[in-house]
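>>> structure for this input, please:
(2 chains)
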2 protein chains.
Amino acid sequence: MEDKFSEWYLKILEDAEIIDIRYPVQGMLVYRKWGFFIIREMQRYLEELLEKNGHEPVLFPVLIPEDVLEKEAQHIAGFHDQLFWVTLAGDNELERKLALRPTSETSIYYLFSLWIRSHSDLPIKVHQSVTVYRYETKHTRPLIRGREFLWNEGHTAFRSVEDAEKNLEDIKEIYGKLINNLLCLPYQVNKRPEWDKFPGAIYTNAFETIMPNGRTLQLATSHNLGQNFSKVFDIKFENEKGQHEYVWQTSYGPGFGRLLAAVISIHGDEKGLILPPKVAPVQVVIVPIFFKDADKKEILKYSKEVEEKITSDGIRVYIDLSDQQPGAKYYHWEMKGVPIRIEIGPKDLKGKKVTVVRRDTGKKSELNFSGLSRIEDIFKDIEKNLRKKAQKKFDEKLFKAKSEKDLEKYLGEGIVTAGWCGKTECAKPIESRGTILTLEENPERCTICGKDGKRIRVAKTY
Amino acid sequence: MEDKFSEWYLKILEDAEIIDIRYPVQGMLVYRKWGFFIIREMQRYLEELLEKNGHEPVLFPVLIPEDVLEKEAQHIAGFHDQLFWVTLAGDNELERKLALRPTSETSIYYLFSLWIRSHSDLPIKVHQSVTVYRYETKHTRPLIRGREFLWNEGHTAFRSVEDAEKNLEDIKEIYGKLINNLLCLPYQVNKRPEWDKFPGAIYTNAFETIMPNGRTLQLATSHNLGQNFSKVFDIKFENEKGQHEYVWQTSYGPGFGRLLAAVISIHGDEKGLILPPKVAPVQVVIVPIFFKDADKKEILKYSKEVEEKITSDGIRVYIDLSDQQPGAKYYHWEMKGVPIRIEIGPKDLKGKKVTVVRRDTGKKSELNFSGLSRIEDIFKDIEKNLRKKAQKKFDEKLFKAKSEKDLEKYLGEGIVTAGWCGKTECAKPIESRGTILTLEENPERCTICGKDGKRIRVAKTY
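Residues are numbered from 1 along each chain as shown, chains lettered A, B, ... in the order given. This is a model prediction of the structure:
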């Protein structure tokens, strides 16, 4: 971890007890409550959207037999070096090696070929939230690049290529809601260049954001698989004319660990986490404050009334009754990113009100006891503010390179729009500095040689 | 699968699309929507209870290094034959084998030793809902005995043995709610005899029910681990006097697949599933009925109004607009176990009412449109009825054996109370016929030799 941001990132993961990196298998993490809770909220939100869209929840085994995984040649070629293999059970050598799923196209499509017979069986859209396994040889980074990671994967089969395309549009909208509505994160969708698509796909869309150090982070991908898998897994349906056709397929998935990494990094500040209210494990923390012991009983009683009222509105609230000083409590819960702190002192008790402090702005205000239901409105305002601030930072990290010098200057700061003529010798100085995220159809002069070319977007990536 | 019940069981798993047993790895299942949804409801219900009780959600890696797994000698001895091992990653032989977790005591307690320092760190209670892996050499049965199964596992550390015992009482209550309140299943808690406890435990409690074929099914277990694991994982805390002590631990888990198997088997009938309303993927199915095309538009419009009203009450409703005849629809949704069917025909339309048919009793009644919110009450009544019927069947399967002849007669019919003098030669004729579920302190004459002994419970088990 080379920069100041990365130092901050590792420290907050530990201080806020999001994960524990000391598990004795490299690249595999222990998710603690503060991290796992946020991921579970994301997962439930996404699953609800997918199921409203007609996806059915399923669960497939983690082990995929070698012969099933090998059916699609490009697919296995793309994952070959990354597979963990089970070869032994008890004291028995297995006759057939079993891979830990790196993704589930092959195991799911094996079953699709048994489930699909007629046009009336289509469309099929399924999803599962599971862990997947990739033996990364690159440097692992907590939540960003690991050897076990948590995601949701969607898999489909359609009658026509048009239906498949329509589904990928639905997914753009659904992932957009997850990333921007729920998590308040800005993002960009980039269609990957030919050489960087998912193994076995016709094309791949990537949803990416920009981290504080200027590197892009791929949060999710979606793939048009065409008939590549249906042909090798023999997934056919009888159409209305009685003819047999191969189905058209798509697959997609966001990585929950990466989404969490982006939430932490993009919203956080020098005090620690700033969590979007909808996913915060604790949404409101109550800190009772008493200067004299005489006040204590009354203030505690009132604090509990406030807690009860807020809880009854369906809000996750925690009342901090520890022996710490108020200042230490503020510091702790700010670091943990709790969206709203409620302070209750003698004046608040007297006035039947509370003091509300927002984590995102630090601003103090007052609410009457009878107006506590306004907290939901404050949450909405916090979301709006987080979204706006994050978008501003994102927009400031978009650059345009007119020359190789510009490229040198901006790469590492964010996403750089440039031009490329298509020749290998001009790709070299670009790719030595960053990764081509996408190659568009729009004409753009080559940033290296100045000849006619196409527009590209380039960035240093995670 | 030897009996009529088992035939019925396999058929309903397929017909209702609960799971698919055709996945090409033995003992590993594909959970389809109708099965996975029910499991997810169980999981969320349980997680909520555990978290209210102070458990924190966590997620640990699926892979456990050999040296960590081997620390507790009895534990590894108990699981040695059942482990799946990852030995290969990409083309590299791993230096250290990694096991797929058969349960997570060892990996979690490795971290506990890093998390626990002082008495103020205690108690720790964590839980995770995950898949675990056991290379079963016994005959596998779908959802009952598999090589990959879904469970929730709880793990704790306490300052005292009393706190640990109190926790096991809490768990009895929580699992009781899951099994009986949510799933309407009867059960019995049996403290396992010494020779049948969890590897590494001081003692084990088992929660079991009786299947229609008289075999018992273990739904959950809880274990008092004493200081067995804390001593080998060196989990110590500094007490208030500044002395270092080993923590006291417990662990526990219900199997979601087995709970689902019990729901299917115990509540089901010759028509198929009967699902407890709270876990049913579809709680109400609406079947519009029209004899003349003239009625169609009006009836459909009214049916959608009914659907909307019920949905707004938070109920999962499906309106069956397929081309099937009403009779075929009834048959299908009865087989799928949907708790309530609403029929809407010309008379219902005219009277601004609906016809309600209960899956559990088959009884028809009418509800006015304005009285649709009464469906929640019907659900409660269905739950009460399911619980009562299942309890009656359970109670009818409890026997007392006064002689070896009785044992012969009743074993295979349910749980048999008998007596045992403690001698091996008297255990033989008992254990050749069944399994000793528990050995109680109560005196009871030996069913074999007639001498003084203790009370036992025996059954044929899954």
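>>> going forward, measure contacts between C-alpha atoms and count neighbours the same way
OK.
>>> right, and the helix or strand after the helix or strand of chain A with the lowest mean pLDDT?
None of the helices or strands of chain A scores lower by mean pLDDT, DSSP states H and E than helix A:73-79, at a mean of 88. Secondary structure here is assigned by DSSP states H and E; on that basis, the next helix or strand after helix A:73-79 toward the C-terminus is strand A:84-89.
>>> and that next one, average pLDDT?
The average pLDDT for strand A:84-89 rounds to 98.
>>> and stretch A:202-218, by the same measure?
Averaged across stretch A:202-218, the pLDDT comes to 97.
>>> which positions within it qualify as buried?
A:203-218 (16 or more other C-alpha atoms under 10 Å in any protein chain shown).
>>> sort out for me which of these are in strands.
Taking DSSP state E, the ones among these that sit in strands are A:Tyr203, A:Thr204, A:Asn205, A:Ala206, A:Phe207, A:Glu208, A:Thr209, A:Ile210, A:Thr216, A:Leu217, A:Gln218.
>>> any idea what the second one is bridged to?
For A:Thr204, the beta-bridge partners are A:His223 (DSSP bridges).
>>> residue contacts, it?
If a contact means C-alpha atoms under 8 Å, 6 or more residues apart in numbering or on different chains, then A:Thr204 has A:Lys191, A:Arg192, A:Lys197, A:Phe198, A:Thr221, A:Ser222, A:His223, A:Asn224 as its contacts.
>>> drop anything exposed from those residues.
A residue is treated as buried here by neighbour count (16+ other C-alpha under 10 Å); on that basis the buried members of those are A:Lys191, A:Arg192, A:Lys197, A:Phe198, A:Thr221, A:Ser222, A:His223, A:Asn224.
>>> near chain B, which residues of chain A show up?
Along chain A, the residues adjacent to chain B under the rule C-alpha under 8 Å from any C-alpha of the partner chain are A:22-25, A:28-33, A:36-37, A:56-61, A:63-65, A:80-91, A:111, A:135, A:148.
>>> list just the nearest of the buried ones among the contacts of A:Thr204 to A:Thr311.
The shortest gap between A:Thr311 and any of these belongs to A:Thr221, at 37.4 Å (C-alpha to C-alpha).
>>> not counting its neighbours along the chain, what's nearest the closest one?
A:Ala206 (4.4 Å; C-alpha to C-alpha, 6 or more residues apart in numbering or on different chains).
>>> residue contacts, that neighbour?
By C-alpha under 8 Å, 6+ apart, A:Ala206 lies in contact with A:Val189, A:Asn190, A:Lys191, A:Arg192, A:Gln218, A:Leu219, A:Ala220, A:Thr221, A:Ser222.
>>> and the second one, that one's in a strand?
Yes: using DSSP: H, G, I helix; E, B strand; the rest coil, the assignment for A:Asn190 is a strand.
>>> ok, it - contacts?
Listed by C-alpha under 8 Å, 6+ apart, the contact partners of A:Asn190 are A:Asn205, A:Ala206, A:Phe207, A:Glu208, A:Leu437, A:Thr438.
>>> do you know how far the fifth one is from A:Ala418?
Going from A:Leu437 to A:Ala418 by C-alpha to C-alpha, to the nearest Å gives 11 Å.
>>> identify the contacts common to these two.
Jointly contacting A:Leu437 and A:Ala418 under the rule C-alpha under 8 Å, 6+ apart are A:Ile456, A:Arg457, A:Val458.
>>> including pLDDT, distance to B:Asn368 and secondary structure, could those go into JSON lines?
Written out in JSON lines, the entries for the shared contacts of A:Leu437 and A:Ala418 read as follows (pLDDT from 0 to 100; distance: C-alpha to C-alpha, whole Å; DSSP: H, G, I helix; E, B strand; the rest coil):
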{"residue": "A:Ile456", "pLDDT": "97", "distance to B:Asn368": "63", "secondary structure": "strand"}
{"residue": "A:Arg457", "pLDDT": "98", "distance to B:Asn368": "62", "secondary structure": "strand"}
{"residue": "A:Val458", "pLDDT": "97", "distance to B:Asn368": "64", "secondary structure": "strand"}
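>>> most surrounded residue in those residues?
The member of the shared contacts of A:Leu437 and A:Ala418 surrounded by the most neighbours (other C-alpha atoms under 10 Å in any protein chain shown) is A:Val458, with 29 neighbours in all.
>>> domain assignment for chain A?
Residue ranges of the domains in chain A are recorded as A:4-267, A:282-376, A:398-459, according to automatic domain parsing.
>>> what about the first one, start to end distance?
If I follow you right, that is domain A:4-267. Chord length of domain A:4-267, first to last residue, is 16 Å (C-alpha to C-alpha).
>>> centre of the chain versus it, how much separation?
The chain centre lies 11 Å from the centre of domain A:4-267; the measure is C-alpha atoms, centre = their mean, to the nearest Å.
>>> how about the strands of the stretch 301-450 of chain A, start to end?
For the stretch 301-450 of chain A, the strands identified by DSSP state E, counting those that start in this stretch occupy A:317-319, A:340-344, A:353-358, A:364-368, A:398-400, A:415-420, A:435-443, in order along the chain.
>>> flag every buried residue along the fifth one.
If I follow you right, that is strand A:398-400. By neighbour count, and taking 16+ other C-alpha under 10 Å as the criterion, the buried residues in strand A:398-400 are A:Leu398, A:Phe399.
>>> which residues in the stretch 151-300 of chain A form helices?
Secondary structure of the stretch 151-300 of chain A by DSSP state H, counting those that start in this stretch: the helices cover A:161-176, A:228-232, A:256-267, A:293-312.
>>> of the ones you listed, which is nearest A:Asp3?
The closest of those to A:Asp3 is helix A:256-267. By C-alpha to C-alpha, the value is 13.2 Å.
>>> hmm, who's touching that closest one?
Helix A:256-267 is touched from outside by A:9, A:35, A:38-39, A:42-43, A:143-144, A:149-152, A:179, A:183, A:185, A:209, A:211-212, A:217-219, A:273-275, A:386, A:390, with contacts defined as C-alpha under 8 Å, 6+ apart.
>>> try stretch A:120-133
A:43, A:50, A:54-60, A:62, A:83-84, A:100-103, A:115-116, A:147-159.
>>> now with 6 Å, please.
Judged by C-alpha atoms under 6 Å, 6 or more residues apart in numbering or on different chains, the contacts made with stretch A:120-133 from elsewhere in the structure are A:55-59, A:100-102, A:147-158.
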